[in-house]
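**Q** Quick one, what's the 3D model for this:
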Amino acid sequence: MNQLQITQRILECEENGWLDLLSKIDNITQNIMECPSAAFQIKAEMILWSDLVDMRSNNLQLDLTMAGKCKFESSVILHNPSMSHKEKFGTEA
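**A** Purely as a prediction, here's the structure:
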């Protein structure tokens with residue numbers, strides 16, 4: 001079985017302020033205490049939760065990459081104003 005790395009994912013949720021995902025894992029662990037016979041469903045919920053954390057983490061990393069790309073493009077445009085897409089076409093002198 002793959003390691004779910006629950007502790008690592010909880011820390012990642014705390015660092016990023018993903019309170020909804022923290023609440024979800026809290027509910028899942030509470031279900032373990034209340035209904036231990038539902039192990040299969042609880043396992044499925046924990047795997048789903050882990051996937052949700054990974055998806056958000058990947059999106060966050062993608063957003064950070066895109067932000068870096070935007071900064072790079074802005075820097076290029078500052079040094080090469082003719083590359084700006086904000087200029088209106090057909091208004092050249």
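
**Q** Counting neighbours, what do you get for Asp54?
**A** 13 (other Cβ atoms under 10 Å). Bear in mind the C-beta positions are built from the backbone N, C-alpha and C, glycine included.

**Q** That one is in what secondary structure piece?
**A** Using DSSP states H and E, Asp54 falls within helix 39-79.

**Q** One more: Asp26?
**A** In this assignment (DSSP H and E), Asp26 forms part of helix 19-34.

**Q** Next, the buried residues of that helix.
**A** Leu21, Lys24, Ile25, Ile28 (16 or more other Cβ atoms under 10 Å).

**Q** Give the other helices and strands that that helix contacts.
**A** helix 6-16, helix 39-79 (3 or more Cβ pairs under 8 Å, 6 or more residues apart in numbering; DSSP states H and E).

**Q** need the buried residues of helix 19-34 in CSV with distance to Leu62, can you?
**A** Shown next, in CSV, are the buried residues of helix 19-34 (distance: Cβ to Cβ, whole Å):
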residue, distance to Leu62
Leu21, 18
Lys24, 22
Ile25, 23
Ile28, 26
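
**Q** what is the mean pLDDT for the helix holding Asp54?
**A** Taken as a whole, helix 39-79 has a mean pLDDT of 75.

**Q** picking that back up, want to try CSV for the buried residues of helix 19-34, with pLDDT as columns?
**A** What follows is those, written out as CSV (pLDDT from 0 to 100):
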residue, pLDDT
Leu21, 93
Lys24, 93
Ile25, 93
Ile28, 90
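
**Q** Can you tell me which of these is nearest Ile6?
**A** Ile25 (7.1 Å; Cβ to Cβ).

**Q** So that closest one is in contact with Leu11, correct?
**A** No. Ile25 lies out of contact with Leu11 (Cβ atoms under 8 Å); the separation is 11.6 Å.

**Q** Asp20 versus Leu48, what's the distance?
**A** 13 Å (Cβ to Cβ, to the nearest Å).

**Q** err, Ala39, not the other one
**A** 24 Å.

**Q** quick one, what contacts Asn16?
**A** Arg56, Ser57, Leu60 (Cβ atoms under 8 Å, 6 or more residues apart in numbering).
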